[in-house]
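Asks: Model the structure of this input:
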Amino acid sequence: MSNSGNTQAIEKLAAEIGENVYMDITKWNLYLGDANLHTPVAEKLYPILEEAADLEEETVINILKDTPVKLGGGKTTLSLADLIPSRVITDLMKLLEEFKKDM
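Replies: Here you go, the predicted model:
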């Protein structure tokens with residue numbers, strides 16, 4: 001796939017993530033698209049979708065753990081994995097599996 005094809009695919013993946021994956025902050029759902037985290041997450045996940053035969057949840061969780069989220073104007077930082085509910089991670093895995101099938 002060409003670089004512009006990759007860019008379009010990453011943008012499509014980012015849009016899916018942005019609309020369907022959220023952080024739960026005191027029962028307030030902040031979607032990754034609204035938090036401007038959908039594109040960085042998609043850029044990290046897309047190569048895994050291209051390369052891996054099977055998508056491992058542990059790999060996805062590690063990527064989320066390696067994605068810092070600054071809170072309180074940068075006073076503290078948590079990993080994205082700590083802010084996404086388990087149910088939503090399960091939904092993310094389904095989303096990624098469907099996206100991989102369509103690649």
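Asks: Next up, the contacts around Val21.
Replies: Going by CB atoms under 8 Å, 6 or more residues apart in numbering, Val21 touches 31-32, 38, 41, 84, 88, 91-92, 95. The way it works is simple: take the backbone N, C-alpha and C, and place the C-beta from them, glycine included.
Asks: Now it, what are its backbone angles?
Replies: Reported as degrees, to the nearest 10, the phi and psi values for Val21 are phi -110, psi 130.
Asks: For the most centrally placed residue in the chain, give its distance to Met103.
Replies: When CA atoms, centre = their mean is applied to the chain, the residue found nearest the centroid is Val41 (4.2 Å). Val41 is 17 Å from Met103, where distance means CB to CB, to the nearest Å.
Asks: got it, and Asp66?
Replies: Taking CB to CB, one finds Asp66 at 23 Å from Met103.
Asks: re earlier: so the residue nearest to the centre of the chain makes contact with Val60?
Replies: No. Between Val41 and Val60 there is no contact under CB atoms under 8 Å: 9.6 Å.
Asks: Which members of the contacts of Val21 are positioned in helices?
Replies: Secondary structure from DSSP state H places 38, 41, 88, 91-92, 95 of the contacts of Val21 in helices.
Asks: which among those residues gets closest to Asp24?
Replies: Nearest to Asp24 among the ones in helices among the contacts of Val21: Val88, at 7.6 Å, using CB to CB.
Asks: hmm, which helix or strand of the chain has the shakiest average pLDDT?
Replies: Of the helices and strands making up the chain, the lowest-confidence element is helix 3-20, at a mean of 93, by mean pLDDT, DSSP states H and E.
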